[in-house]
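Visitor: Please work out how this folds:
(chains A and B)
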2 protein chains.
Amino acid sequence: MKLTILGSSSALPTSDRYPSAHVLNAHERLFLIDCGEGTQMQLRKCNLRFGKINHIFISHLHGDHIFGLYGLLSTFNLMGRENPVHVYAPEGYDQMLNSHLKDFDITLNFEILFTPLKGKDPVRILDEKYITITSFPLQHRVEAFGFVFREKLAERNIIKASIEKYGIPFVRIPAIKKGEDFLTGDGQLIRNEEITTPPAKPLSYAYCSDTMFFSRLPEFVKDVDVLYHEATFDADLSELAKMTGHSTTIDAANCAKAANVGTLIIGHFSARYRDISPLVNEAKTIFPATIAAIDGTTYDLRELI
Amino acid sequence: MKLTILGSSSALPTSDRYPSAHVLNAHERLFLIDCGEGTQMQLRKCNLRFGKINHIFISHLHGDHIFGLYGLLSTFNLMGRENPVHVYAPEGYDQMLNSHLKDFDITLNFEILFTPLKGKDPVRILDEKYITITSFPLQHRVEAFGFVFREKLAERNIIKASIEKYGIPFVRIPAIKKGEDFLTGDGQLIRNEEITTPPAKPLSYAYCSDTMFFSRLPEFVKDVDVLYHEATFDADLSELAKMTGHSTTIDAANCAKAANVGTLIIGHFSARYRDISPLVNEAKTIFPATIAAIDGTTYDLRELI
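Guide: Numbers count the residues shown, from 1 in each chain, chains lettered A, B, ... in the order given. You can find the predicted model right below:
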C-alpha cells in the first residue's frame, strides 16, 4: 500500500500545505480520504489517475475536509466518467450533496453510491478481495469519523520449481495457494510449507482527523502499521486543542503508543507553525517513530514500518 | 489599475491553469472577480493581501467560478475578519450561500452585504471615490453577468512651484485641483492650465466570462482599455462553443474590435489546448492587440494600452 499526502494543513492552508486530502493506493485502487479545496489540482500534480478513484471517504463536514469534492465530481463528469463513485460521509450528507449539486447546475453522468457513517462503534464499511475498511467515531465539534484500511492476508506463493519437481497439475494450484498439502501420483504427501512461501504480512493504515483524544481511540486503531493522526497544536496549546476539538502532538503520540502502532504520521498543522520539526520532536518524546506529513509525498507503507 | 490573473482555465483545471479568478487592484483596493477552486491558494502565491478584498463579484453560479468562495470566506473568518464583504452575484444566491454555510457549520464573524445581479441592461452596482463598477448580462447556459470597472477622472495635479510663485493659500488648492482659475492678491487672474497639469487618463477594464457572442455585447464593453474575454474554443469548434454557451477566439476578437477596446486578454481556455499560441494567433487575425492570460501574472493596465 502507498499513501500520498495531498494536503496536511488545518483549516487555513499555507503556501506549502493544502487542506486535508490523502490517497491510499491499495493494489492500484485509489481510496481518497477527505477532499479539501484543491484536491483535484494536487491529484494532477502527483500524477494520480482520476479514473482509479472509486471510493471517497469524508471524515466530517467541515470545509477544509470537503470543499474540493464539488470540483472533483464536476471534473469526473467533464472527463466522461460513467462508473459510480462510492461516497462515505456522515449520515445526511447525501441529501445536502444533491441539493448543492442542483444549486450549481450540476447533473452527474454517473451514480453516487452513498454510505452513511454513523454510530458509536466501529463499522465495516467495505469488504473487498484485498482490503477491508472500517469507520469509527472520532470526537470533534461536529460528528466525525476515522477510517482503518486493512489488507487481507494474501494467498501463499507457490515455489515454481516445485510444480515440475512433483508434477503438480495446474488445477491443484489454487488449493495449494490456500494452504493445502499435495499428494503426488505415487502417493507421497508433500507438505504445503515445502512447495510454497508465506505471503507478505498484510499492511494496515488508519486516518484520524479531526479529533481530540478520548479513551476508546487507541482501541479503534489498535496495532495498525501506520497511523495518520492530526496534531493541530503543540503541547503548550492543549487547552485550545480541547476547546476546538483537536489534538496536540502529545495526544497523537499517546494514542500511537497506547495503540501499539508501527509509525505515526502527524499532520493537520495549524498555520501558526512555519517550522514543523519542534512538533515532531515533541511527539517523539513519547512515540519515537513519528514523522511529519509533507504535501505531495508518497510513502510506501512497507518501507515505513 | 493592476490586474492579476489567478486562474484562466475553463471548467477543467490543468497543471498550469486554475479555474476562473481575477483580482483588480484599483488604488490599493482589491476587487475579486470570480472565485474558482484554489483562489485562496493563488492569492497567497501572488502575495495579495486577504484583508484588502472587500468586494467579490461572481459572474454566474457554475462551479469553476465559485467553488473557491467557501474556502475563502472560511479563511477570512479564521483570520479574524470583522469588516463586511460585499458579494455581487446572480439574484437568489444569497439564500443559497446562507444555506451552504449552515450545512458546513460555518458562522461568519463578519457580514455579507449582498447585491443581486439581474436584468437585461447594464446596472451601476458600485460608485466610489475612484471607481465605478457596472454589471451587464451575458449569454450563457445559466444567468451570467460581466463587469466593467471604470476609474473616475482624477483631479488635476497642482504644480508645486506655482504655489510659492503666486502665493496660493492652501485653502484654495482643492478648488484649483477641480479646475478653477486663481485670482492673486493684486487682482491678476491665473488660468488653471498654468498652475496645474491634467490627471492621468482614467483606465477601464471589462470582464466577460462565460458567454457566447451576442449583438449587444460590444456596446456593454465599449471603449474599455482592457477587455478580458473568454475564448474557450478555437474557431473550428464554433458549433461546440454555441452549444455550450461559450465563445471562440474569433468571437472574442470580433467583440474586442466592435467595442473598440485597447487590449484583448483571452482566457478560460479548454483543457484540450496545451499550447495556447495558436488561439492567440487566431484572435490576432481580427484583433491584433490580443494576448493570452497567464496564471499568476500581474498586468499594469497602463502598460498594456
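Visitor: Can you check the pLDDT for the residue in the stretch 151-300 of chain A positioned nearest to chain B?
Guide: Closest contact between the stretch 151-300 of chain A and chain B, by Cβ to the nearest Cβ, is at A:A271 (8.2 Å). In short, each C-beta sits where N, CA and C put it, glycine included. You'll see A:A271 listed with a pLDDT of 96.
Visitor: Same question for A:A154.
Guide: 92.
Visitor: That one against A:A200, yeah?
Guide: Yes: the pair A:A154 and A:A200 passes the contact test of Cβ atoms under 8 Å, sitting 6.6 Å apart.
Visitor: So which of those two has more stuff around it?
Guide: Remark: of A:A154 and A:A200, A:A154 carries more neighbours, 15 against 11, as counted by other Cβ atoms under 10 Å in any protein chain shown.
Visitor: Disregarding flanking residues, what is the spatial nearest neighbour of that one?
Guide: Spatial nearest neighbour of A:A154, excluding adjacent residues (Cβ to Cβ, 6 or more residues apart in numbering or on different chains): A:P199 at 3.8 Å.
Visitor: What residue in chain A is the furthest from its centre?
Guide: Most distant residue from the mean C-alpha position of chain A: A:D186, 49.8 Å away (Cα atoms, centre = their mean).
Visitor: Now it: which helix or strand?
Guide: Using DSSP states H and E, no element contains A:D186; it sits outside every helix and strand.
Visitor: now do A:I56
Guide: With DSSP H and E as criterion, A:I56 is part of strand A:53-57.
Visitor: So which bits of the next helix or strand after that strand are buried?
Guide: Using DSSP H and E, the helix or strand that follows strand A:53-57 in sequence is helix A:69-78. For helix A:69-78, a neighbour-count test (16 or more other Cβ atoms under 10 Å in any protein chain shown) marks A:L69, A:Y70, A:G71, A:L72, A:L73, A:S74, A:T75, A:F76, A:N77 as buried.
Visitor: where does the stretch 51-200 of chain A come near chain B, residue by residue?
Guide: A:61-64, A:66-68, A:70-71, A:74-75, A:78-79, A:96, A:99-100, A:103-106, A:141-142 (Cβ under 8 Å from any Cβ of the partner chain).
Visitor: returning to what we had before: got the angle between the strand holding A:I56 and helix A:69-78?
Guide: Counting by axes from the mean of the first three to the mean of the last three Cα atoms, to 10 degrees, strand A:53-57 lies at 160 degrees to helix A:69-78.
Visitor: For the closest residue to A:G80 other than its chain neighbours, list the residues it contacts.
Guide: The spatial neighbour of A:G80 that comes closest, neighbours along the chain excluded (Cβ to Cβ, 6+ apart), is A:N109 at 7.3 Å. Residues near A:N109 by Cβ atoms under 8 Å, 6 or more residues apart in numbering or on different chains: A:N77, A:G80, A:R81, A:E82.
Visitor: Indicate each strand paired with the helix or strand that contains A:T4 and its parallel or antiparallel sense.
Guide: Assigning secondary structure by DSSP H and E places A:T4 in strand A:2-7. Strand A:2-7 sits in its sheet next to strand A:21-26 (antiparallel), strand A:298-300 (antiparallel), going by DSSP bridges.
Visitor: Adding mean neighbour count as columns, could you present the ones you listed in a markdown table?
Guide: Formatted as a markdown table, the strands paired with strand A:2-7 follow (neighbours: other Cβ atoms under 10 Å in any protein chain shown):
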| stretch | mean neighbour count |
| --- | --- |
| strand A:21-26 | 23 |
| strand A:298-300 | 15 |
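Visitor: out of the ones you listed, nearest to A:Y205?
Guide: Closest to A:Y205 of these, according to Cβ to Cβ: strand A:21-26, at 6.0 Å.
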